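Colleague: I need the structure of the sequence given here:
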Amino acid sequence: MAFMFGLKPKTVHYWYKEEISDYRKDIAAGNWGEKKIQVIDKSSGEVTKEKPVPIAKAENFGSHMTIDEKQIGKKMYTIMTNAQSGKIALLAQTMKPEELKQVMEHYLSQVLEEVKSVSCDMSPSYKKLCKDIFPIHS
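Modeller: Residues are numbered from 1 along each chain as shown. The predicted structure follows:
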C-alpha cells in the first residue's frame with residue numbers, strides 16, 4: 001500500500017498505529033490481544049491452542065464487506081474490511097471457515113445481519129464461510 005501511494009512503509013505504519021486505529025487506546029485499556037480463536041481437538045474436546053484475533057470491531061462492519069487473506073511475517077491471516085469506509089473489521093490468524101465462524105459468532109454476532117454483500121476471491125474457505133455465516137446467502 002505504501003508503494004502504491006509513494007509513501008515510506010514506516011509512515012503508513014505510524015499513521016495506522018497512531019492515528020487510524022485504536023491501538024494506543026486498546027493498549028491503555030488492556031484490550032489489545034485479548035481476543036482469541038480456540039482450536040479444539042475433535043476427539044478429546046480439549047483446547048489444543050489459541051490463535052490471535054488482533055482486530056474484531058463490530059463498529060467497522062457495514063452492508064458491503066470484503067474478505068481476503070494476507071501473509072504477515074510467516075503467518076496467514078484473514079482480513080475483512082468495510083468496502084465503503086475501508087476500515088478493518090476483522091483480522092484473524094486463520095483461514096479456516098470453522099475458526100472464522102467461531103470468531104464472528106463470538107465477537108461480532110450483533111452485526112452479521114447488516115451485511116448485504118461480501119466480495120471475496122474464489123477461495124473455497126471463504127465461500128463456505130459466507131454461505132454459513134451471512135443471512136444474505138441463506
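
Colleague: where in this protein is pLDDT low?
Modeller: 1-4, 32, 135-138 (pLDDT under 70).

Colleague: Tell me which residues touch the nearest residue to Lys96 once chain neighbours are set aside, please.
Modeller: Nearest in space to Lys96, with sequence neighbours left out and distances taken as Cβ to Cβ, 6 or more residues apart in numbering, is Ser125 at 6.6 Å. Yep, even glycine has a C-beta here, placed from its N, CA and C like the rest. Contact criterion Cβ atoms under 8 Å, 6 or more residues apart in numbering gives Met95, Lys96, Pro97, Leu100 as the residues in contact with Ser125.

Colleague: quick one: which of those has the most company?
Modeller: Each of the contacts of Ser125 was scored for neighbours by other Cβ atoms under 10 Å, and Leu100 scores highest at 24 neighbours.

Colleague: Which helix or strand lies directly C-terminal to the helix or strand harbouring it?
Modeller: Using DSSP states H and E, the secondary-structure element containing Leu100 is helix 97-107. Where DSSP H and E defines the elements, the next helix or strand beyond helix 97-107 is strand 117-120.

Colleague: Adjacent strands (with direction) for that next one?
Modeller: Sheet neighbours of strand 117-120, with direction, are listed as strand 64-72 (parallel) (DSSP bridges).
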